[in-house]
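Asker: after the sequence you'll find the predicted model.
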Amino acid sequence: MKNYRLQKNISFFLTLSLTALVFITCTSSTSEPIKLGENISREQAIFVIRHCEDIDPPFPNNNGKGYNYILPSKKTINVPHIRLSQPGFKKADLIGKVLSKWINDNTNFLPIGQVTTQNPLGSSTTQNPFCTAFPTINPGILPGFTHQNPNPNPNKSPDPNQPTYPDMAKLPTKVNFFNGIKDLKEAMTKDFTGTLFVDSNHSTFVTMTRQTLFSPCSSSDKTCTDTKKHTLDTSLFLGTLTNSSDFDKIVYPLKGKTLYIFSKINISSKKFDKLEVFSINDDGTITSN
């Protein structure tokens, strides 16, 4: 009888102890703040910016030889001109360094797995969007003129030993070139998600000109030199992704600064139900507009 009572008391004591332990464990875990970017369900997004600051003609062309860039696929492409300014290269490097880390640490979006940008290979096209995206495409593997070297040496080969960004993911897995907004929209009409995303586990980074993003008005047109005189053309890329109820959120794109984030993809409407606008600041911070 005594043994039975003793066992019963021990069992009761253990039950109380375990209950207290569970309570303490639960309360302590819920009192700790959950860091955004960890242990959360992530979703796809499209990150869009206008290219960084550029220069006026004549453009450097390496005595007609162009400049070689190595893509993640190990394919080498020859870009005929370089059109970004030194401040533009500096900002492109900064974007390559901070954007993917910011996405991981401060948002619930999936990492960048594709870069979509205007085709830089034609002599009559612009190389600005591609050069802006390249430090994100392949950080640290840069041609000799480079983003990292203020004294261009066009005959120098890409140097894999140049500084890299250890906090950058080895992404993206795909680089998608388009020849014009018409070609891109036609591809999106045929296969909306397949054009915009490389797979279901990654987001996409898009770099374009103002003429493909916001307004087709030429910068040489005196009536369009004032930012306030540019009006949104909803047939261009930003308008194509946005519900009409959100058109007023599409602010004028500043070079290398205004960051549009499209999420909550709507397959039936081929739009995104959520648009947020941020600024990529020169100190590396990314802040909400």
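Answerer: Sure thing, it's come through. Numbering: from 1, shown residues only.
Asker: every contact and neighbour count from this point should use C-alpha atoms.
Answerer: Noted.
Asker: so Ala187 sits against Thr195, correct?
Answerer: Yes - taking contacts as Cα atoms under 8 Å, Ala187 lies within contact range of Thr195: 6.3 Å.
Asker: excluding chain neighbours, what is closest to Val277?
Answerer: Tyr260 (4.7 Å; Cα to Cα, 6 or more residues apart in numbering).
Asker: tell me where the model's unsure across the chain.
Answerer: Low-confidence segments of the chain (pLDDT under 70): 1-40, 123, 139-173, 218-229.
Asker: the domain parsing of it - what is it?
Answerer: 1-32, 40-288 (automatic domain parsing).
Asker: Thr189: neighbour count?
Answerer: Thr189 has 12 neighbours, counted by other Cα atoms under 10 Å.
Asker: ranges for the helices of the stretch 101-250 of the chain?
Answerer: 128-137, 181-190, 192-196, 210-213, 237-241 (DSSP state H, counting those that start in this stretch).
Asker: reformat those as JSON lines; add distance to Asn104.
Answerer: Shown next, in JSON lines, are these (distance: least, Cα to Cα, whole Å):
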{"stretch": "helix 128-137", "distance to Asn104": "14"}
{"stretch": "helix 181-190", "distance to Asn104": "27"}
{"stretch": "helix 192-196", "distance to Asn104": "20"}
{"stretch": "helix 210-213", "distance to Asn104": "26"}
{"stretch": "helix 237-241", "distance to Asn104": "23"}
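Asker: which of those helices is buried the deepest?
Answerer: Each of those was scored by mean neighbour count; the highest is helix 128-137, a mean of 26, by mean count of other Cα atoms under 10 Å.
Asker: on contacts alone, who are the packing partners of it?
Answerer: If you count contacts as 3 or more Cα pairs under 8 Å, 6 or more residues apart in numbering; DSSP states H and E, helix 128-137 packs onto helix 86-106, strand 112-118, strand 203-208.
Asker: ok and the last one relative to helix 86-106, angle-wise?
Answerer: I take that to be strand 203-208. Following axes from the mean of the first three to the mean of the last three Cα atoms, to 10 degrees, one obtains 160 degrees for the angle between strand 203-208 and helix 86-106.
Asker: adjacent strands (with direction) for strand 203-208?
Answerer: In the sheet, strand 203-208 lines up against strand 46-50 (parallel), strand 112-118 (parallel) (DSSP bridges).
Asker: among those, which comes closest to Asp233?
Answerer: Asp233 sits nearest to strand 46-50 of all the strands paired with strand 203-208, at 15.2 Å, using Cα to Cα.
Asker: so what touches the closest one?
Answerer: Residues from elsewhere that reach strand 46-50 (Cα atoms under 8 Å, 6 or more residues apart in numbering): 129, 196, 203-210, 213, 253-263.
Asker: with just CA atoms, put it into CSV.
Answerer: Extracted C-alpha coordinates of strand 46-50, given in CSV (Å, rounded to 0.1, in the frame of the first residue of the first chain):
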residue,chain,number,x,y,z
ILE,A,46,9.4,40.3,-59.2
PHE,A,47,12.0,43.0,-58.3
VAL,A,48,12.2,45.7,-60.9
ILE,A,49,14.6,48.7,-61.2
ARG,A,50,15.6,51.2,-63.8
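Asker: tell me what angle it forms with helix 128-137.
Answerer: 130 degrees.
Asker: right, and the helix or strand after strand 46-50?
Answerer: strand 67-70 (DSSP states H and E).
Asker: name the residues of that following strand that are buried.
Answerer: Buried residues in strand 67-70, counted by 16 or more other Cα atoms under 10 Å: 67-70.
Asker: do the same with stretch 63-78
Answerer: Within stretch 63-78, the residues that count as buried by 16+ other Cα under 10 Å are 66-72.
Asker: rewinding a little: so which helix or strand takes in the residue nearest to Val277?
Answerer: Per DSSP H and E: Tyr260 is located in strand 258-266.
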